[in-house]
Structure formats: structure tokens, C-alpha cells
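Engineer: sharing a model prediction with you, sequence too.
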2 protein chains.
Amino acid sequence: MKIQRGRPLHKDRHVYSAGEEFKSVFAVRSGSIKSYTVSNDGQEQVTGFHLPGEIFGMDGMAHNHYTNSALAMETAAVCEIPFSKLQDLSIAIPSLQRHFFQLMSKEITNDQQLITLLSKNSAEERVATLLLSISNRNLRRQLSGTRFRLPMSRADIGNYLGLTVETVSRVFGRFQKQDMLKVDKKEIEVLDFDKLRALAN
Amino acid sequence: MKIQRGRPLHKDRHVYSAGEEFKSVFAVRSGSIKSYTVSNDGQEQVTGFHLPGEIFGMDGMAHNHYTNSALAMETAAVCEIPFSKLQDLSIAIPSLQRHFFQLMSKEITNDQQLITLLSKNSAEERVATLLLSISNRNLRRQLSGTRFRLPMSRADIGNYLGLTVETVSRVFGRFQKQDMLKVDKKEIEVLDFDKLRALAN
DNA sequence: CGATTGTTTGAGGCCAGTCAAAGTTAGTGG
DNA sequence: CCACTAACTTTGACTGGCCTCAAACAATCG
């Protein structure tokens, strides 16, 4: 498939901004991206973190304009995949269409899991769930699931999980005191996966 | 398009259950449907309410199995739309494919709005937002936006909004005391739309 | 290095949850 | 059609987890 190689993106640079015309979806090649919306009263809501190998930008399809903004949390590279090309191709290759439907559907189930998390779980359970998610996604990338670097700030974590920065910080503190995690700034080492899974559940 | 006319569904009957093979999406013809997931620790999370004219069942596409269950909150009728037919047709009619992409994308943005609501808003704001949403959806159906019947129980509202039944009940009470709403059981009359919008934001 | 931004820690308050019980509605079968 | 029961809703008192406010601390970057 013909896709554009991305030029490297510096930290805090936008891939696209809310309101721009929807033309493409994107694949992360390196670095990490966060998606967020700005609600009508001006506050930010982080809607997702995107790691290498993952696709983002499908939110814009409904209205031909992106509803999220997407920016690089660190230096990153992305592939742009023009949607028009994708449409043409998916008519020629039905399996591609199916694959793309699945991607969107996956996005829906992800969002619904986050809804459940926000709706039903405590601060500790939310943070544990995010850590486990990142751990699993690192495993899929052939990286360590026990030692890894969080690309996002505490503020982003809190925003994503519906918590304040202070609460996130305190939860990390408690997790360390319980010898479940070793936290050094953004470097995480999971010491007790069973305990983490029990919380994340 | 060839679709199956649904036989009427009694209250509390499932349209489909989580885990079943994904074969179709559905359109509500009359009555109302709720979607919900059951998390691994067994508790229910309501993920959506579906009113006449709306499509549901797209969550199953990713894994070829539904991740939600869908059941009738009152006597209802639904149209089954077999997905295989939809795929064949959308290859012949590209505009249909686009339309369907848009539906899924719309679902994503809806879910993300709910995420923001759960993450950032108070109990009163959440309830106000739901009421306004139902009001607007009734308007689109040529029904009154000011007087309508809530098809779901207080428990369902609470579950959907991440609140307890008691809190939902108290919020309705406060809304009445402020002369914003008139609540008679499930019958709602909006007395002050400005106030409602101010809360829902 | 200073300045800015991000993180941690503490004290106190409040919103929503929990527990409990009464009141109301709906559904069932005699 | 009514009596009985189960399910739903409301109300109250109390609790607690997370937020708010505040300040010290650490890290990053020009």
C-alpha cells in the first residue's frame, strides 16, 4: 500500500488538530502520541495513548473533521495513510475492508472498557489497569513487560483516568510501599504482577 | 436493502448476548434497547441506550463475537441487518461503505464524549447531559423534546453514568426543587432548558 | 545556572457512596 | 379484580475516597 513516510515529529508537535479536515489515519512508527479532545468549556480530555505499531485518527471519519487532536509526547515518527486510498483499495480487496472495520470496532471496545473503568473502579484500580495495558502492549512489541518507560506525564495519566495529578502520584507511592512497583520518575519496574493483575482485573 | 423484519421483542428479552457470533447489526424500529457489558468480576456496565431509528450491534465486528449484550427495556421491534449482505453491498455501493464507516466513527465519538463526562463532570452534570441527549434524540424523531418518557430505570441511568441509584434519585429531587424539571416516575417535563443546558454544557 | 515545568507531600473539606429503612409501583396468581 | 409479593424508588444518616489548596522539591531547558 502506498503510504507516506513521516518526517520526524518533535515533542509537543501536533499530527493533526481538532476541526481539521479528515484526510488520513496514521500509524505510529516510533515514539508515542496522545489523542485528546477539548470540551466546550475548554478543558482537555485525553482519550488515548498510541504506541509504535498502533493506528490512530479514526475519530474524524464521522464528520469529515477530526474531533480529537493528536500530538507527540516525545520525538516520534508516524506514517500517514490517506483515507481515499484506503477506500479505493478496500473495494478492490475486501479483506482489507474487513480489517479496517475490525480496527474501528476494536477502538469502540477499547473506549467501552475505559468507560467501565472510569465508571466502576477506584483510583488504584485505574492506574493498575493502565500500567498493565502498557505492559501488554510492550510485550507485543517484543519489549519487556516488566521494565518500561511511561511516555506520558503524571498529568496525562490523571487526565486520561479521571484523576488529579496528586492522586496519581499518591497511588504510585502506595504501589511502591507495597513492593508492587519500583518507580523511578517515568521508569517503571513491575515487582509483583499477580498483585497488579488482581487490582487491574 | 434486504433486511429482516423483526418479530416483536418482549421486555427483558435479549437481541443478542455477549459472546455470540457476530452476524448482524440492528436498527430499532420501536421501543428501546440497552447495551451492556459484564466485566470479568461480574458486574454490569450499561454502554448505551438505543431509541427508534438508531443502529446498534457494531461492537462485535472486531472479534467476530459481540462484546456487549443487548436487551429490550420495554416491548420493542428491531430490524436485523446481516453484515455479510452489508459488506457485499458496500463494495457495490461505495457511498454505503462510507456511510457505514461514519456510523462506527460516530459511535467512537459518542463513547469519547461519555468518557469525558465520566471523567470530568459532577453527578448533576451527568444526569443533565443524559436528559438533554434524550430530549434531542426525541426531537429528531419528531417527538416532543420537553415532555417525554424515560424508558430506562433509575438503576440503568446510574449504571450508565457511573452513579448509584440513590444519587440519581437525589439529583432528580434537586432538579425538581429548582423548578428545572417536573418528574413523575419516568415521565419527564423540562421546565427550564437554559438551566439544563448550562449544566449539561 | 536561574526559570519554568513537573512531581511529591500534607492538611482539610466535600461530594458521592454505603447502609438502612420506608414508601411506591408493577406484576402475579387466585 | 384484588391481594400479595417482588422490584423499584425515595429519603436519611453517616462514612470515606478523592479533590482542593498550598508549599516544598526535583528535573528540564534555555
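Structural biologist: All right, it came through fine. Numbering: from 1, shown residues only, chains lettered A, B, ... in the order given.
Engineer: going forward, measure contacts and count neighbours with C-alpha atoms only.
Structural biologist: Will do.
Engineer: in chain A, which helix or strand is least confident?
Structural biologist: Within chain A, no helix or strand scores below helix A:83-92, which has a mean of 84 by mean pLDDT, DSSP states H and E.
Engineer: what are the buried residues along that helix?
Structural biologist: Going by neighbour count (16 or more other Cα atoms under 10 Å in any protein chain shown), the buried part of helix A:83-92 is A:83, A:86-87, A:90-91.
Engineer: in the helix or strand that that helix is followed by, what counts as buried?
Structural biologist: Later in the chain than helix A:83-92, the nearest helix or strand by DSSP states H and E is helix A:94-120. Using 16+ other Cα under 10 Å as the test for burial, helix A:94-120 gives A:97, A:100-109, A:111-120.
Engineer: over to stretch A:160-177?
Structural biologist: Those would be A:160-165, A:168, A:171-172, A:175-176, for stretch A:160-177 by 16+ other Cα under 10 Å.
Engineer: how is chain A partitioned into domains?
Structural biologist: Domain segmentation of chain A under automatic domain parsing yields A:14-105, A:118-200.
Engineer: point out the most buried one among the ones you listed.
Structural biologist: domain A:14-105 (a mean of 19; mean count of other Cα atoms under 10 Å in any protein chain shown).
Engineer: got the contact list for the residue nearest to residue A:83 when sequence neighbours are not counted?
Structural biologist: In space, and not counting its chain neighbours, residue A:83 is closest to residue A:24: 4.7 Å by Cα to Cα, 6 or more residues apart in numbering or on different chains. When contacts are counted by Cα atoms under 8 Å, 6 or more residues apart in numbering or on different chains, residue A:24 touches A:57, A:80-84.
Engineer: same thing but 7 Å
Structural biologist: Counting by Cα atoms under 7 Å, 6 or more residues apart in numbering or on different chains, residue A:24 makes contact with A:80-83.
Engineer: can you lay out the residues you listed as JSON lines showing distance to DNA strand D?
Structural biologist: Listed next are these as JSON lines, based on distance: Cα to the nearest atom of the strand, whole Å:
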{"residue": "A:80", "distance to DNA strand D": "26"}
{"residue": "A:81", "distance to DNA strand D": "29"}
{"residue": "A:82", "distance to DNA strand D": "32"}
{"residue": "A:83", "distance to DNA strand D": "34"}
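Engineer: ok, those residues vs chain B, which is closest?
Structural biologist: Proximity to chain B was ranked across these by Cα to the nearest Cα; first place goes to residue A:83, at 10.7 Å.
Engineer: how much space between the closest one and residue A:22?
Structural biologist: Distance, residue A:83 to residue A:22, using Cα to Cα, to the nearest Å: 8 Å.
Engineer: coming back round to it: can I get the domains of chain A in a markdown table with distance to residue B:144?
Structural biologist: Formatted as a markdown table, the domains of chain A follow (distance: least, Cα to Cα, whole Å):
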| stretch | distance to residue B:144 |
| --- | --- |
| domain A:14-105 | 26 |
| domain A:118-200 | 30 |
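Engineer: mean pLDDT lowest where, among these?
Structural biologist: Between these, the one with the least mean pLDDT is domain A:14-105; it has a mean of 90.
Engineer: hmm, that domain in reach of DNA strand C?
Structural biologist: No - legend: contact between domain A:14-105 and DNA strand C by Cα under 7 Å from any atom of the strand is lacking; minimum distance shown is 10.0 Å.
Engineer: before we move on, back to that, compare the domains of chain A and give me the one nearest residue B:18.
Structural biologist: Closest to residue B:18 of the domains of chain A is domain A:14-105 (Cα to Cα; 14.6 Å).
Engineer: end-to-end on that closest one?
Structural biologist: Note: domain A:14-105 ends 25 Å apart using Cα to Cα.
Engineer: residue nearest the middle of chain A, spatially speaking?
Structural biologist: The C-alpha lying nearest the average C-alpha coordinate of chain A belongs to residue A:49 (Cα atoms, centre = their mean; 1.7 Å).
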